[in-house]
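# Pasting the sequence and the predicted model now:
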Protein chains: 2
Amino acid sequence: MLDKNKKILIVGLGLIGGSYAEGLTNNGYYVGCITRSASSIEYALDKGIIKEGTTEIKEEMIKKYDLIIFALYPKVFINWLENYQSFIKEGAIITDVTGVKESVVTKINSFLRKDIDFVPHHPMAGKETYGVKNSDAAIFKKANFIICYNDNKQESIDAIESIGRILEFRRISYLTLKEHDEMIGFLSQLTHCIAVVLMNAKDSEKLVDYTGDSFRDLTRIAKINEEMWTELFLLNKVALLKEMDSFINEFMKLRNAIQNDDEEAIKEMMKLSTLRRSYFDK
Amino acid sequence: MLDKNKKILIVGLGLIGGSYAEGLTNNGYYVGCITRSASSIEYALDKGIIKEGTTEIKEEMIKKYDLIIFALYPKVFINWLENYQSFIKEGAIITDVTGVKESVVTKINSFLRKDIDFVPHHPMAGKETYGVKNSDAAIFKKANFIICYNDNKQESIDAIESIGRILEFRRISYLTLKEHDEMIGFLSQLTHCIAVVLMNAKDSEKLVDYTGDSFRDLTRIAKINEEMWTELFLLNKVALLKEMDSFINEFMKLRNAIQNDDEEAIKEMMKLSTLRRSYFDK
């Protein structure tokens, strides 16, 4: 377990940052935070989920912390480090919760101080609400905690894995940056693309009365934060386009089988989808 | 309300046919059935949801019934009428629960006896299980009952609407055959296509461990009865291909916006999907 004397700084106190603060504080760690909104800090101090918080980025404060967790939008995260990495304690460990990895990590590693050990991870958890006021460490209990391979010290990797255990994630796993982005491109980004496209394809207002559960389930994620998701899509462009193209390719196969009345081809695709979907019910 | 002396015959005692039998019997109607499986009849008699049942198609039995509800696969339904319409009582009303309308109804009207009044309808209800043993009239309580416009006597339309009320459907509405098929093509068939294609696009067995709720929700319907759905897709080919093409068109717009880093175009699509999805939350 992570040494109880280690001080942890959270940069970005939103839903995820706030939930980390709550979980780590409840487990006896000293947690501080830097975030843009004074009212978020006030709320968190009041709830007792942080020991100190500030909206200003000050060297004397940052220097106290052994481990920094960045819970920011990807570009803001990169800019923060470019501007303020000199404020970070010698030999500190840093990590991030960003939903795409290869482009962000490669960029950061190109300029990061050599004494700072950056171990990226991704907590696959969330809610459809925002901000520290909705934070809740319980969201991690059925979620995956993915640590991305990198050129790190074992001791730093252990510290990050230890955070996953402290927050009681259901499962901790290791993926390379590339594997992570491919998995996210398929399971998360492609499905969000489909939901967005489906709602764009037709004005469904008059169809609401006829809508069943399938359509509702499929489009739930069509309500989307366009700033964050546009950034995530573009930062994972190569992997996402690959998944989109493979989806289009299969979609055209089904479309053409229907046009050609090719019953066998349609049934083969349905049998395969039924088989593969059954893995999820185990 | 439908005259309590009217005798109702259900042809095809599966999940839907069985649920109709239960609801109508519980409301005091005389319900008989013809179905392929002797054990389904035994079960239904035992449960008291039918008064009589047979696996044989006999004129003297069929002639007793004033109203016949067909709950068969579309092609079996068409064949049944082609072969046995002469057994049906003079002036009887018939209806069906088939999920596609225009092609099926046009075909049937081309050969149906002029004294028989065929009022098609579609109960938008179901479960992911099959057979009379899973039947349950409660599935209709939150479902839509759609009656399709046709060249019918008002009294026949009233009889079918009355069945919708007796079974306590949440909402009864009227659509033309074409409107019905377009709505089903988009809301139901296109979404099933997407789920099937998504499972075909990638072997997801190793991804199961990372899968979140969005992907599970989106692919729940990828477990699919390939015989029935292939038939339904092909019988609604024109409407379905139109919806598939409009989906592909929008999908390519998003794909190309991502490839060209066109942030504004991506955000516009996300804003529209967020707006349109919000109609469903009202």
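In hand now; what should we look at? Treat the numbers as computed from the prediction; the structure is a model and nothing was measured.

# C-alpha from now on. contacts and neighbour counts both.
OK.

# residue ranges of the helices in chain A, please?
Secondary structure of chain A (DSSP state H): helices at A:15-26, A:38-47, A:59-62, A:74-84, A:102-109, A:154-166, A:177-184, A:191-201, A:213-219, A:226-235, A:237-259, A:263-278.

# Which positions within the second one qualify as buried?
Right, helix A:38-47. A:40-41, A:44 (16 or more other Cα atoms under 10 Å in any protein chain shown).

# Pop out the phi and psi values for the residue nearest the centre of chain A.
The centroid of chain A falls nearest to residue A:99 when counting by Cα atoms, centre = their mean (3.3 Å). When quoted as degrees, to the nearest 10, the phi and psi of residue A:99 stand at phi -80, psi -10.

# was I right about it contacting residue A:126?
No. Look at residue A:99 against residue A:126 with Cα atoms under 8 Å: they stay out of range, at 11.2 Å.

# circling back: what's the spacing between the nearest residue to the residue nearest to the centre of chain A once chain neighbours are set aside and chain B?
In this structure, residue A:99 finds its nearest non-sequential neighbour in residue A:122, 6.2 Å apart by Cα to Cα, 6 or more residues apart in numbering or on different chains. Residue A:122 sits 11 Å away from chain B, taking Cα to the nearest Cα, to the nearest Å as the criterion.

# residues touching residue A:122, list them.
A:96-99, A:145-148 (Cα atoms under 8 Å, 6 or more residues apart in numbering or on different chains).

# now do 10 Å
Residue A:122 is in contact with A:95-101, A:144-148, A:180, counting by Cα atoms under 10 Å, 6 or more residues apart in numbering or on different chains.

# Nearest to chain B, out of these: which one, please.
Set against chain B, the nearest of these by Cα to the nearest Cα is residue A:144 (6.6 Å).

# Pairing partners for the closest one in the sheet, please.
Assessed by DSSP bridges, residue A:144 has beta-bridge partners residue A:124, residue A:171.

# Which pLDDT does the model give it?
pLDDT, residue A:144: 91.

# you'd agree it is up against residue A:175?
No. If you go by Cα atoms under 10 Å, residue A:144 and residue A:175 don't touch, sitting 11.8 Å apart.

# who's more crowded, the two?
A side-by-side neighbour count of residue A:144 and residue A:175, using other Cα atoms under 10 Å in any protein chain shown, places residue A:144 first with 22 against 15.

# Does residue A:243 touch residue A:185 like I think?
Yes. Taking Cα under 10 Å as the definition, residue A:243 is a contact partner of residue A:185 at 6.5 Å.

# joint contacts of these two?
Taking Cα under 10 Å, 6+ apart as the criterion, residue A:243 and residue A:185 both touch residue A:237.

# Can you pull the poorly scored residue ranges out of chain A?
Scanning chain A for pLDDT under 70 picks out the ranges A:282.

# if you set the cut-off to 90 instead, what comes out?
Low-confidence segments of chain A (pLDDT under 90): A:1, A:125-130, A:142, A:149-151, A:202-221, A:278-282.

# correct me, but residue A:167 touches residue A:24?
Yes. The criterion here is Cα under 10 Å, and residue A:167 meets it with residue A:24 at 7.1 Å.

# Return every residue with contacts to both of the two.
Both residue A:167 and residue A:24 are contacted by residue A:137, under the criterion Cα under 10 Å, 6+ apart.

# need the contact list for the residue nearest to residue A:88 when sequence neighbours are not counted.
Take residue A:88 and drop its neighbours on the chain: the residue closest to it by Cα to Cα, 6+ apart is residue A:63, 5.3 Å away. Contacts for residue A:63 (Cα under 10 Å, 6+ apart) come out as A:9, A:86-90, A:92.

# Got phi/psi on residue A:63?
Main-chain torsions, residue A:63, degrees, to the nearest 10: phi -60, psi -20.

# What count of nearby residues applies to the closest residue to residue A:6 other than its chain neighbours?
Spatial nearest neighbour of residue A:6, chain neighbours left out: residue A:66 (5.8 Å); criterion: Cα to Cα, 6+ apart. Neighbour count for residue A:66, taken as other Cα under 10 Å: 18.

# thought residue A:117 was touching residue A:159?
No. Contact criterion Cα under 10 Å: residue A:117 and residue A:159 do not qualify, at 11.0 Å.

# shared neighbours of these two, which are they?
A:67, A:93.

# Please say which of the two ends up with more neighbours.
Neighbours were counted for residue A:117 and for residue A:159 using other Cα under 10 Å; residue A:117 has more, 23 against 17.

# For the spatially closest residue to the more buried one that is not a sequence neighbour, give me its contacts.
Distance criterion Cα to Cα, 6+ apart; nearest residue to residue A:117, sequence neighbours excluded, is residue A:93 at 4.8 Å. Applying Cα under 10 Å, 6+ apart, we find residue A:93 in contact with A:8, A:65-69, A:115-119, A:152-153, A:155-157, A:159-160.

# one more time with 6 Å
By Cα atoms under 6 Å, 6 or more residues apart in numbering or on different chains, residue A:93 lies in contact with A:67, A:116-118.

# Out of those residues, which sit inside strands?
Of the contacts of residue A:93, the ones assigned to strands by DSSP state E are A:67, A:117-118.

# any idea which of the residues you listed is closest to residue B:205?
Residue B:205 lies nearest to residue A:118 out of the ones in strands among the contacts of residue A:93, by Cα to Cα, at 30.8 Å.

# what about that closest one, neighbour count?
So residue A:118, with other Cα under 10 Å, has 25 neighbours.

# Which residue is the nearest non-sequential neighbour of residue A:103?
Distance criterion Cα to Cα, 6+ apart; nearest residue to residue A:103, sequence neighbours excluded, is residue A:235 at 6.1 Å.

# Distance of the one you found relative to residue A:80?
According to Cα to Cα, to the nearest Å, residue A:235 and residue A:80 sit 17 Å apart.

# Those two: who's more crowded?
The neighbour comparison of residue A:235 against residue A:80 (other Cα under 10 Å) goes to residue A:235, with 22 against 15.

# any idea how far residue A:145 is from that one?
Distance from residue A:235 to residue A:145, by Cα to Cα: 21 Å.

# thinking again about what came up before, for PyMOL, what selects the buried ones among the contacts of residue A:63?
In PyMOL, a selection of the buried entries from the contacts of residue A:63 looks like this (16+ other Cα under 10 Å):
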select buried, chain A and resi 9+87+88+89+92
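
# so which of the contacts of residue A:63 would you say is closest to chain B?
residue A:9 (27.6 Å).

# Which residues are in contact with the residue lying closest to residue A:57 once chain neighbours are set aside?
Nearest non-adjacent residue to residue A:57, counting by Cα to Cα, 6+ apart: residue A:34, 7.0 Å away. Shown in contact with residue A:34 (Cα under 6 Å, 6+ apart): A:11, A:53-55.
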